[in-house]
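J.: predicted model, plus sequence, below.
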Amino acid sequence: MPHDHHDETDASHPHALLPSEPALRVKALETILVDKGLVDPAALDAIIDYYEHEIGPHIGAGLIARAWVDPDFRKDLLRDADALIDSLGHGGRQGEHVVVVENTPETHNMVVCTLCSCYPWPLLGIPPAWYKSDAYRSRAVREPRAVLAEFGVSLPADTRIRVWDSTAEIRYLVLPMRPDGTDGMSETELAALVTRDSMIGTGLITTGLITTGLITMAGES
Ligand code: FE
């Protein structure tokens with residue numbers, strides 16, 4: 001990973017200039033900006049509060065559940081997620097261009113940002129710490145199956161795993177498979193099944209008895 005090195009060859013790369021203590025640098029930068037009157041601390045607090053409390057995986061889960069019950073919505077979500085997300089008022093920073101990728105029995109999708117931590121904030125909230133870790137960012141592409149196993153996800157050997165590398169231009173959201181045995185469930189009940197990790201591709205959706213992807217293979221969890 002070039003971003004992990006701080007040698008001369010990487011000096012020109014912006015990611016090599018990340019400080020060793022980002023939180024400290026951020027605090028220092030914030031202090032300067034506030035002192036100069038360039039940012040309003042109350043506005044910063046409001047933005048942080050918004051992403052911590054208003055925005056979260058429930059937004060993405062709502063889209064997934066609706067896609068499961070409404071074939072036209074699913075088609076639109078897969079074809080042009082941006083237009084759909086905008087029309088529902090879920091657009092915003094860190095979600096400028098979202099592409100939805102659909103899990104099938106043949107293909108499991110998994111999302112990473114190998115460069116840093118690009119993530120569809122307006123749909124999933126603030127990314128988890130592991131998503132930003134060096135280990136996940138490098139290993140997700142190198143050995144996705146092993147990484148999935150560590151998340152408790154074991155897929156049939158013939159399931160293809162596609163790893164999508166997010167960038168500042170494109171954020172990916174996984175459309176997980178609807179679990180079997182959920183035919184009678186309402187959209188709201190379905191949305192409650194959809195986890196954050198299932199929309200990153202590092203989790204499968206369980207209904208208690210059945211895990212999609214495993215197709216109820218005995219002895220697996
Ligand atoms: Fe990134």
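T.: Received, thanks.

J.: which element is the closest residue to Tyr51 other than its chain neighbours on?
T.: Nearest residue to Tyr51, sequence neighbours excluded (Cβ to Cβ, 6 or more residues apart in numbering): Ile126, at 5.5 Å. Any C-beta I mention is one placed from the backbone N, CA and C, and that applies to glycine too. Using DSSP states H and E, Ile126 falls within no helix or strand.

J.: I'd say Ile126 and Tyr50 touch.
T.: No - when contacts are counted by Cβ atoms under 8 Å, Ile126 is not listed as touching Tyr50 (10.5 Å).

J.: and those two? Which one has more around it.
T.: Looking at Ile126 and Tyr50 with other Cβ atoms under 10 Å, you find the greater number of neighbours at Ile126, namely 15 against 12.

J.: helices or strands up against the helix or strand harbouring Ala28?
T.: Secondary structure assignment for Ala28, by DSSP H and E: helix 22-35. Packed against helix 22-35, as judged by 3 or more Cβ pairs under 8 Å, 6 or more residues apart in numbering; DSSP states H and E, are the following elements: helix 41-49.

J.: model confidence over the helix it packs on, on average?
T.: Helix 41-49 shows a mean pLDDT of 85.

J.: report the inter-axis angle for that helix versus helix 22-35.
T.: Relative orientation of helix 41-49 and helix 22-35, computed by axes from the mean of the first three to the mean of the last three Cα atoms, to 10 degrees: 140 degrees.

J.: could you give the mean pLDDT of the very next helix or strand once past helix 41-49?
T.: Helices and strands here follow DSSP H and E; after helix 41-49, the next one along the chain is helix 57-69. Averaged across helix 57-69, pLDDT comes to 96.

J.: so what touches the helix or strand following helix 57-69?
T.: Sequence-wise, the next helix or strand downstream of helix 57-69 (DSSP H and E) is helix 71-79. Here helix 71-79 makes contact (Cβ atoms under 8 Å, 6 or more residues apart in numbering) with 63, 66-68, 83-84, 100, 102, 175.

J.: where does Val111 sit: helix, strand or coil?
T.: Taking DSSP: H, G, I helix; E, B strand; the rest coil as the rule, one finds Val111 in the strand state.

J.: typo on my end, it should be Ala83
T.: Following three-state DSSP, Ala83 is assigned to helix.

J.: from the ion, how far off is Ile48?
T.: Distance of Ile48 to the ion, computed by Cβ to the ion, to the nearest Å: 19 Å.

J.: ok, that residue - how many residues close by?
T.: Other residues within reach of Ile48, judged by other Cβ under 10 Å, total 11.

J.: quick check: it vs Trp121, distance?
T.: Distance of Ile48 to Trp121, computed by Cβ to Cβ, to the nearest Å: 12 Å.
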